[in-house]
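Enquirer: based on what follows, work out the 3D shape:
(one chain, ligands or ions: 1)
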Amino acid sequence: MSGTPASREIPAPSGDFDLASFLGEQGRRVGLALERALAALTPRVGPSLGPVLRHGLLTDGKRVRPILCIAAYAACGGEVEEGCYDLAASIEMIHAYSLMHDDLPCMDDAELRRGSPTPHHVFGARSTARAAATLIPGAALQAWRASLELGCPDEVAREIVRTLARAAGAGGMVGGQALDLESEGRTLSPDRLDRLHALKTGALLAAAPRIGGLAAGAGTRRIEALDRYGRALGLAFQIADDILDATSSADQLGKHPSDQALSKSTYVGLYGLDGARGRALRQVSLANRALADAGLDSRPMAAIAGYVVHRSR
Ligand code: GRG
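Expert: Okay, here's the model as predicted:
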């Protein structure tokens, strides 16, 4: 996680919290929940799509969104058990579908993702498009069932599914992707770039801690703090992505092509490397301030905020 140009001026998360072990263990448990989700989904979609879903869902991702959900759930007093991972998996299902569609020939036409050939390179575009589409309703059902499994009252379970749907939809990730497609080859103003990424990357990332807080029964003040934390982190995450994109090879990133190669506006293009790093750091401070203001003393959440800008992939 260190030694990259993105991280040189950004201090590593400090303290004695072992973030690497935390991320490793949480990622492993999210993987088990995704296996359970896949086992439930495969009989409904038919055997031909099972391997496509496995590739899209279980290839080695960082699992930042589900881990944020779990960390927020714990920070708000929730007892972390299997149902919590099942709930967090629903967010990763939406994320996985978005990557599968984003990489298709009609979109970014990507060859490599997470260090592996993209699903359409292995299974074809039609099967990939279909398999990914099943993850959208699949994720909503998964969030609903897991919320009930966790003992959330019906109105909280409804709010959780609503949060996921809003973040994924036209007022969130899909809306951001539409802006992104419209913006290719154009230089965006700072405000438009922020708006695009608040939707495309930020909405789902911000939904993750909110969903964790809702499931744990957090009150309005804490939910608002989790929203502020998530929004700041979403922006920091995207800026770090742009820095990595500009400073790492396809092999290091496990991803090809880069946004630069796709002629997209980026934070590095707009502010330069140093300016982009400064903006990422500012967002991390804002995220941590949001936690402190609400008395949410969570070492994992503070460490994840540092990791988001400090990561090497
Ligand atoms: C057709 C308009 C339209 C929308 C379809 C494809 C799509 C919906 C949305 C795309 C959203 C998208 C790809 C956002 C990118 C977010 C992002 C920074 C992805 C990388 O996330 P990481 O680094 O990836 O967490 P890993 O691999 O670690 O999970």
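Enquirer: any idea how far Arg63 is from Thr163?
Expert: Using C-beta to C-beta, to the nearest Å, Thr163 is found at 19 Å from Arg63. Bear in mind the C-beta positions are built from the backbone N, C-alpha and C, glycine included.
Enquirer: Ile211 sits in which helix or strand?
Expert: Counting by DSSP states H and E, the element that carries Ile211 is helix 203-215.
Enquirer: mean confidence for that helix?
Expert: In this model, helix 203-215 has a mean pLDDT of 98.
Enquirer: repeat that for stretch 282-302.
Expert: Mean per-residue pLDDT for stretch 282-302: 96.
Enquirer: going forward, the N-terminal residue is numbered 609.
Expert: With the count now opening at 609, the last piece we talked about shows up as stretch 890-910.
Enquirer: now do the contacts for His709.
Expert: For His709, the contact set (C-beta atoms under 8 Å, 6 or more residues apart in numbering) comprises 715, 737, 740.
Enquirer: report pLDDT for it.
Expert: 98.
Enquirer: Gly784 too?
Expert: What the model reports as pLDDT for Gly784 is 97.
Enquirer: show me the contacts for it.
Expert: So Gly784 contacts 804-811 (C-beta under 8 Å, 6+ apart).
Enquirer: what's downstream of the host helix or strand of it, the next helix or strand?
Expert: For Gly784, the enclosing helix or strand under DSSP H and E is helix 781-791. Using DSSP H and E, the helix or strand that follows helix 781-791 towards the C-terminus is helix 798-805.
Enquirer: what distance do you get for Val672 to the ligand?
Expert: 5 Å (C-beta to the nearest ligand atom, to the nearest Å).
Enquirer: typo on my end, it should be Pro674
Expert: Pro674 is 10 Å from the ligand, by C-beta to the nearest ligand atom.
Enquirer: that residue belongs to a strand?
Expert: No. Counting by DSSP: H, G, I helix; E, B strand; the rest coil, Pro674 is not found in a strand; it is helix.
Enquirer: count the neighbours of the closest residue to it other than its chain neighbours for me.
Expert: Residue nearest to Pro674 in three dimensions, not counting chain neighbours: Ala696, with 3.4 Å by C-beta to C-beta, 6 or more residues apart in numbering. Using other C-beta atoms under 10 Å, Ala696 has 32 neighbouring residues.
Enquirer: quickly check: the host helix or strand of Ala696 near the ligand or not.
Expert: Following DSSP H and E, one finds Ala696 within helix 690-710. Yes. Shown here: helix 690-710 in contact with the ligand (C-beta under 6 Å from any ligand atom) through 703, 706-707, 709-710.
Enquirer: ChimeraX command for the buried members of those residues?
Expert: Selection of buried members from the residues of helix 690-710 next to the ligand for ChimeraX, criterion 16 or more other C-beta atoms under 10 Å:
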select :703,706,707,709,710
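Enquirer: quick one: Ala751 and Ile702 touch, right?
Expert: No. Using C-beta atoms under 8 Å, Ala751 is not in contact with Ile702; the gap is 9.2 Å.
Enquirer: can you pull out the strands in this protein?
Expert: 720-721, 724-725 (DSSP state E).
Enquirer: figure out which of these is closest to Ser629.
Expert: Of all the strands of the chain, strand 724-725 sits nearest to Ser629, with 24.9 Å by C-beta to C-beta.
Enquirer: for the stretch 809-921 of the chain, which residues are neighbours of the ligand?
Expert: Near the ligand, when you scan the stretch 809-921 of the chain using C-beta under 6 Å from any ligand atom, you find 809, 849.
Enquirer: contacting residues around the closest residue to the ligand within the stretch 809-921 of the chain?
Expert: Of all residues in the stretch 809-921 of the chain, Thr809 sits closest to the ligand, at 4.3 Å by C-beta to the nearest ligand atom. Applying C-beta under 8 Å, 6+ apart, we find Thr809 in contact with 781, 784, 842, 845-846, 849.
Enquirer: could I get these as TSV with distance to Gly732?
Expert: Formatted as TSV, the contacts of Thr809 follow (distance: C-beta to C-beta, whole Å):
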residue	distance to Gly732
Met781	24
Gly784	27
Gly842	32
Phe845	31
Gln846	30
Asp849	28
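Enquirer: skipping adjacent residues, who's closest to Arg637 in space?
Expert: Closest residue to Arg637 apart from its sequence neighbours, by C-beta to C-beta, 6+ apart: Tyr693 at 5.1 Å.
Enquirer: and that neighbour, how far from Leu649?
Expert: Tyr693 is 16 Å from Leu649, where distance means C-beta to C-beta.
Enquirer: do Ala740 as well
Expert: Distance from Ala740 to Leu649, by C-beta to C-beta: 12 Å.
Enquirer: which of the two has more neighbours?
Expert: Per other C-beta under 10 Å, whichever of Ala740 and Leu649 has more neighbours is Ala740, with 26 against 22.
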